[in-house]
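[1] my questions are about this predicted structure, shown below with the sequence.
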Amino acid sequence: MALKKGDFVEIEFTGKITDSGEVFDSNVKSELEKLHAGHDHEPVEAQPFVFALGEGMFLKAIDDFLIGKPETSAEYELDLVPENAFGKRNSQLIQTMPASVFRDKNISPVAGAVLDFDGRAGKILAVSGGRIIVDFNHTLAGKPVSYKIKLIKKITNQDAKVNAVNKFFFGKEPEFKIEGKKLILQLESQLAPLGQLFKDKYKEILGLELEVKEPEAEKSAQGDKKSQ
């Protein structure tokens, strides 16, 4: 049978900048080791990547490419022009900002640094007196890229699907249980509002009504504080 929108799949992938061959993303152990060679941090563990096709969990062009392919394991190579990858460079996304913005946050701007500006990543291009030029284009905007994709299998296990969606939205796999058509998800108080925002997406992707609950340990700790 052919893969369709909404199917969950597990893949291995490696993304490279076409012109230079530089790897920018991968979940393959050998490629990750090269990608992080020389960095002073713990080695990044290669992990399976599971996602739902056509649900915005991965690059749209890869979703579109895999939809219609056989469910059986296979390897593919895909070349993407900027319009189908991370977009063209947009000159309007290069902005000049006053140095006071950085002083107020106790940040010393340095050319080449990538900083978070209220949820938007910006790369500092130049520092000139009281003006800082920041590029808000994606770092890969304007570049053709290529992907090697190994389709490992279609995922049918419901728990694996839930874990994939949880990891996509929260970057972790919180505890949960499924009761009929309801997904009961344990989220810390700081993440609970996000869970409420994603209710419609959980229904769309998994066909489950989401209910968010605080972990028992957190509830107990709050109860202890109130009793003191």
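    Here it is on my side, so go on. Numbers count the residues shown, from 1 in each chain.
[2] now Ala164: which helix or strand?
    Assigning secondary structure by DSSP states H and E places Ala164 in helix 158-170.
[3] that helix: what's the following helix or strand?
    Downstream of helix 158-170, the first helix or strand assigned by DSSP H and E is strand 176-179.
[4] so what strands line up beside that next one?
    According to DSSP bridges, the neighbouring strands of strand 176-179, each with its direction, are strand 182-186 (antiparallel).
[5] quick one: contacts of the strand it pairs with?
    Contacts with strand 182-186, where a contact means CB atoms under 8 Å, 6 or more residues apart in numbering, come from 162, 166, 174-178, 195, 202, 206, 208-215. All C-beta atoms are positioned from the backbone trio N, CA, C, and that covers glycine.
[6] tell me which residues of the helix holding Ala164 are tucked away?
    Neighbour-count burial for helix 158-170 flags 161-170 (criterion: 16 or more other CB atoms under 10 Å).
[7] can you give me the helices for this structure?
    In chain order, the chain shows helices spanning 29-35, 60-66, 99-104, 158-170, 192-197, 199-206, 216-227, with DSSP state H as the criterion.
[8] distance check, the residue nearest in space to the middle of the chain against Phe117.
    For the chain, the residue nearest the mean C-alpha position is Phe168 (6.1 Å; CA atoms, centre = their mean). Counting by CB to CB, to the nearest Å, the gap between Phe168 and Phe117 amounts to 23 Å.
[9] about what we covered before: using a markdown table, please lay out the buried residues of helix 158-170 together with pLDDT.
    Supplementary listing: the buried residues of helix 158-170 in a markdown table, determined by pLDDT from 0 to 100:
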| residue | pLDDT |
| --- | --- |
| Lys161 | 98 |
| Val162 | 98 |
| Asn163 | 97 |
| Ala164 | 97 |
| Val165 | 97 |
| Asn166 | 96 |
| Lys167 | 95 |
| Phe168 | 95 |
| Phe169 | 93 |
| Phe170 | 91 |
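[10] adding distance to Leu80, write those residues out as TSV.
    Putting those into TSV (distance: CB to CB, whole Å) gives the following:
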residue	distance to Leu80
Lys161	27
Val162	30
Asn163	28
Ala164	23
Val165	25
Asn166	28
Lys167	24
Phe168	21
Phe169	25
Phe170	28
